[in-house]
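1. Need a 3D model of the sequence below.
(chains A, B and C)
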Amino acid sequence: MSDEPDMLSGLNPVQRQAVTVAPGPVLVLAGPGSGKTRVLTHRVAYLIGAQRVDPFTILAVTFTNKAAREMRERLDTLLGAGQAAALTVGTFHRICARFLRRDIVHLGRERDFAIYDSDDQLRVMRRVLRDLNFDEKKHAPRAIHAAISRAKNELVDADAYSRQARTYFDEVVARCFVRYQELLRDANALDFDDLLVETVRLLTQHPDVLERYQERYRHILADEYQDTNRAQYVLLKQLAAKYRNIFVVGDEDQSVYAFRGADIRNIQSFERDYPEAQVIMLEQNYRSTQAILDVAQAVINRSAQRRHDKKLWTRNGKGVQVQLIEGYDQDEEAQLVASEIARLVASGDYRYGDFAVMYRTNAQSRAVEEAFIPRTMPHIIVGGTRFYERKEIKDALAYLRLALNPLDNISFGRVMNWPVRGIGQRTQEDLERRASALGIPIYTLLQMLAAGANGADAADMDGAVRELVAAPRTRNALLSFLTLIDDVINQRNTLPLGALIDWLFDRVGFREALLREYGEEDGGDRWNNVLELRNVAENYANLPRENQLATLLEEVALVSDVDSVQEERDAITCITLHQAKGLEFPVVFIVGLEEGLLPHSRSTDDRSALDEERRLFYVGATRAKQRLYLLHAFRRTVYGRMNMATPSRFLQDIPPDLLQTAAKRGYALAQQATMFTGRTSLDRGKPALRTRPSVAPAPATRRAAPDAQRAVAFFAGQKVRHAHFGEGIVVSSKLVEGDEEVTVAFVGKGVRRLLASFANLQRAEEE
DNA sequence: GTACGTTCATTTTTT
DNA sequence: ATGAACGTAC
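-> Sure thing, here's the model as predicted:
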């Protein structure tokens, strides 16, 4: 190993051991600041540089896109630029999206699927509730969706969910689950969870595909292994089954994603699945001072159970004592942070980029920001309203998504009447309901309408279209929107992406609409955001044209906000504790250390949830290299109501001599203002007892079943492909003089009537 | 069919 | 405090 010093330079003996360990299953258990990610990266470098492993055969899974990018950069340094270009690095979701884009046709789906984000998912959920006649008030779309998401992460499908449903709520979820999946499928869309689930299914149902990936990826590495959920666990297991070269790195004490299905037991399963696994512990911390580690450990040691007992230690000195500070309210708390930062910056020892302010909930960022703004202290808020969640950006993306996949009903509904073009709520709801009931996209419905308008008499499916839209004005609005979409679809392959966007937004009147709706100033800002998106699109100009749009859309669907955190900008980082995982800062402030916030009130009555909150504190505290400040407020405004706050129980777990407690500046003020506000009553109108709601009448039978009487090969709603017209959906089919006459709505090409014997229509595989 | 005003719930954490 | 969902007026 001494023959390749570059790959190992700067590593201590234990890290070296981990990096150079013989092939086979390896589990690295490592505390915070022990160089986990570094070990992972060097392992990749070692495989390529010293073991002469072809980078093409390496798959590295990182927790964020940012980590993936950094790994690439570091490898370029270690190995020389371009050496690792063929390596596959990325998050689970991104890797799955890639696999699926290549192979999803094996599951009988179209390649250009849309990826639905949380907002889209919620919209689908609302549609589901309306279809099933459930009342949104009684059945929170979020809660149902969360249950479905949890199930998917455990690889429980709608069928299995129904079978094991025990409670009434489960029954509701089970029915919604089925419908939800149908709607996604009709829209040729996948949600985040489907990316994982469908990939696992692909590899399970198609051994040849699995074999191909196993052969390709002979070396698999995964970071933040403690945060993998069931689906991710299975995926890794499938891929590694053949060559068993799997190298995972994790820390049980930093598991903070149980709420999205992460399961620490995956670490224990690792040793069971691979009995020959080598387990390596990295216990030395290089990041923090002893003072900081002591505080972090004091809290984590009180957690209910820990499996592998690590003993963190550091050669770093004791350092500055951890500060405990109480503010009067969240505003003063933020002021204290701001003035301390100002003081340290003025001292000349620190720059703004050295600081991070961490909190449990995004809502807390507001108070913090408001302390920075008047002092003109540079700061960035990670999270909050993300760029790609802004309305104007989502609208812009909706148009682009339609260009790729006009079956995407959510995008269709989003921009059908934006900018306003005379398609009102009623018309829209009518279209969505009919489309949903028939199991066809709105796009196809409009194509049928158009065909009917041309007197083609094709659109006779259930007579649904005939009675659709009486008013000529509305009809014209719909048809011109359809023409717009078809034009985009047809321009998609002729124009480069940037030009396509310019052309499209000009034709739509995007800028004018924004200015009209939001006024000169706000509208102008929003338009600039749209232009920003257009700039992002420019990055894909060097890809093959037919991949540009799909790659852009995949990219924007899967970026997370931490990805854009850049050290170069000298600004204070304001960030949630969750997002802070994997980062480090010289000075860290954790604010809102109060009961109800950390631990969060939603977690206080559950032992394991409480432990997760504890780990969250641990993660936050161990981000700090030199100075750590723990803050809490005496009173806090929640939902506009002022409440008394109790210091977090985690603070009680820290021996007082480990903390330096600042003078309680809040108290004088507090005593004046406390007065009589100690109300906590929450028991206003309790929801009525759960009445078993009209369990909805069965929804209109969708997917006209192939009629047993007639011997037709095609039926309405079916997806087909034609050599010349491309993909389409069957509108109707009937036997005419011994041949089958099929009417098909083709994407971008309108409705055509074809004879099955001549047309050579390919049926899309049904599962 | 749209535009505006009122009520009401809403907040964990994220790909 | 803020934003979404509903009702009423144009």
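2. what distance separates whatever helix or strand residue A:169 lives in from the middle of the whole chain?
-> Assigning secondary structure by DSSP states H and E places residue A:169 in helix A:168-186. In terms of C-alpha atoms, centre = their mean, to the nearest Å, the gap separating the centre of helix A:168-186 from the centre of its chain is 21 Å.
3. any idea how far the nearest residue to residue A:203 once chain neighbours are set aside lies from DNA strand C?
-> Leaving aside its chain neighbours, residue A:203 sits nearest to residue A:210 (4.3 Å; criterion: C-beta to C-beta, 6 or more residues apart in numbering). Heads up, the C-betas are built off the backbone N, CA and C, glycines and all. Residue A:210 sits 42 Å away from DNA strand C, going by C-beta to the nearest atom of the strand, to the nearest Å.
4. Likewise for residue A:370?
-> Counting by C-beta to the nearest atom of the strand - residue A:370 and DNA strand C are separated by 10 Å.
5. That residue: neighbour count?
-> A total of 14 residues lie near residue A:370 under the criterion other C-beta atoms under 10 Å.
6. The closest residue to it other than its chain neighbours: what secondary structure?
-> In space, and not counting its chain neighbours, residue A:370 is closest to residue A:334: 6.7 Å by C-beta to C-beta, 6+ apart. At residue A:334 the chain is in helix, as set by DSSP: H, G, I helix; E, B strand; the rest coil.
7. cool, residue A:422 as well?
-> Recorded secondary structure, residue A:422: coil (three-state DSSP).
8. picking up where we left off before, show me what the helix holding residue A:169 is packed against.
-> Judged by 3 or more C-beta pairs under 8 Å, 6 or more residues apart in numbering; DSSP states H and E, helix A:168-186 is in contact with helix A:118-131, helix A:141-153, helix A:158-164, helix A:425-438.
9. contacting residues around residue A:316?
-> With contact taken as C-beta atoms under 8 Å, 6 or more residues apart in numbering, residue A:316 is in contact with A:285, A:286, A:288, A:289, A:290.
10. Take those and keep only those in helices.
-> Judged by DSSP state H, the subset of the contacts of residue A:316 located in helices is residue A:290.
11. Buried residues, the helix holding residue A:169. List them.
-> A:170, A:172-186 (16 or more other C-beta atoms under 10 Å).
12. Can you check my assumption that residue A:753 lies in a helix?
-> No. Residue A:753 is assigned strand when assessed by three-state DSSP, not a helix.
13. So the residue nearest to residue A:370 versus residue A:722, what's the distance?
-> Computed as C-beta to C-beta, to the nearest Å, the residue A:334 to residue A:722 distance reads 62 Å.
14. Confirm residue A:741 sits in a helix?
-> No. Per three-state DSSP, residue A:741 lies outside any helix segment and is strand.
15. List, one by one, the residues from the stretch 551-700 of chain A near DNA strand C.
-> A:639, A:640 (C-beta under 7 Å from any atom of the strand).
16. okay, now residue A:472: neighbour count?
-> Counted with other C-beta under 10 Å, the neighbours of residue A:472 add up to 9.
17. Which stretches in the stretch 351-500 of chain A count as helices?
-> A:365-372, A:391-404, A:409-415, A:425-438, A:442-453, A:472-491, A:497-508 (DSSP state H, counting those that start in this stretch).
18. quick one: the shortest one near DNA strand B?
-> If I follow you right, that is helix A:409-415. No. Applying C-beta under 7 Å from any atom of the strand, one finds helix A:409-415 separated from DNA strand B by no less than 13.1 Å.
19. ok, residues contacting that helix?
-> With contacts defined as C-beta under 8 Å, 6+ apart, helix A:409-415 is touched by A:114, A:116, A:120, A:123-124, A:127, A:183, A:186-187, A:189, A:394-395, A:397-399, A:401-402, A:406, A:428, A:432, A:435-436, A:441-443.
20. Repeat that for the first one.
-> Helix A:365-372 is touched from outside by A:330-331, A:333-335, A:337-338, A:357, A:359, A:378-379, A:381, A:383-384, A:572, A:574, A:591, with contacts defined as C-beta under 8 Å, 6+ apart.
21. try 7 Å this time
-> Outside helix A:365-372, the residues that touch it by C-beta atoms under 7 Å, 6 or more residues apart in numbering are A:330-331, A:334-335, A:337-338, A:357, A:359, A:379, A:381, A:384, A:572, A:574, A:591.
22. any chance of the residues you listed in a markdown table, with neighbour count, distance to residue A:22 and pLDDT too?
-> Output for the contacts of helix A:365-372, formatted as a markdown table (neighbours: other C-beta atoms under 10 Å; distance: C-beta to C-beta, whole Å; pLDDT from 0 to 100):
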| residue | neighbour count | distance to residue A:22 | pLDDT |
| --- | --- | --- | --- |
| A:330 | 29 | 53 | 89 |
| A:331 | 17 | 57 | 89 |
| A:334 | 25 | 52 | 93 |
| A:335 | 20 | 56 | 92 |
| A:337 | 25 | 49 | 94 |
| A:338 | 22 | 52 | 93 |
| A:357 | 29 | 44 | 95 |
| A:359 | 25 | 44 | 94 |
| A:379 | 23 | 47 | 89 |
| A:381 | 20 | 46 | 85 |
| A:384 | 16 | 46 | 67 |
| A:572 | 27 | 45 | 92 |
| A:574 | 26 | 44 | 91 |
| A:591 | 28 | 46 | 95 |
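23. Show me which pair in those is furthest apart.
-> Pairwise distances among the contacts of helix A:365-372 were taken by C-beta to C-beta; the largest, 20.4 Å, belongs to A:335 and A:384.
24. what number of residues lie near the closest residue to DNA strand B within the stretch 201-350 of chain A?
-> Nearest residue of the stretch 201-350 of chain A to DNA strand B (C-beta to the nearest atom of the strand) works out as residue A:259 at 3.6 Å. Residues lying near residue A:259 (other C-beta under 10 Å) number 14.
25. same deal with residue A:151?
-> Residues within reach of residue A:151, counting by other C-beta under 10 Å, total 22.
26. For it, which non-adjacent residue is closest in space?
-> The nearest residue in space to residue A:151 (C-beta to C-beta, 6+ apart) is residue A:161, at 5.2 Å.
27. Identify the residue spatially nearest to the closest residue to DNA strand B within the stretch 301-450 of chain A, adjacent ones excluded.
-> With C-beta to the nearest atom of the strand, the shortest gap between the stretch 301-450 of chain A and DNA strand B falls at residue A:424, namely 2.7 Å. Spatially, and ignoring its direct neighbours in sequence, residue A:424 is nearest to residue A:417 (7.1 Å; C-beta to C-beta, 6+ apart).
28. Please verify my assumption that that neighbour contacts residue A:423.
-> Yes. Taking C-beta atoms under 7 Å as the definition, residue A:417 is a contact partner of residue A:423 at 4.2 Å.
29. wait, what's in contact with the closest residue to residue A:572 other than its chain neighbours?
-> If you skip the residues right next to it in sequence, residue A:572 has residue A:379 as its closest partner in space, 4.0 Å away by C-beta to C-beta, 6+ apart. When contacts are counted by C-beta under 7 Å, 6+ apart, residue A:379 touches A:369, A:372, A:571, A:572, A:574.
30. Closest one of those residues to residue A:632?
-> Closest to residue A:632, out of all of those and judged by C-beta to C-beta, is residue A:574, at 17.3 Å.
31. who does the longest helix along chain A touch, helix- and strand-wise?
-> Assignment by DSSP H gives helix A:510-538 as the longest helix of chain A. Helix A:510-538 sits against helix A:391-404, helix A:497-508, with contacts defined as 3 or more C-beta pairs under 7 Å, 6 or more residues apart in numbering; DSSP states H and E.
32. cutoff 8 Å now
-> Applying 3+ C-beta pairs under 8 Å, 6+ apart, we find helix A:510-538 packed against helix A:391-404, helix A:497-508, helix A:545-558.
33. Could I get the average pLDDT for it?
-> Averaging pLDDT along helix A:510-538 yields 85.
34. Tell me if that helix is near DNA strand C.
-> No. Applying C-beta under 7 Å from any atom of the strand, one finds helix A:510-538 separated from DNA strand C by no less than 11.8 Å.
35. Run the chain-centre distance for that helix.
-> With C-alpha atoms, centre = their mean, you get 25 Å for helix A:510-538.
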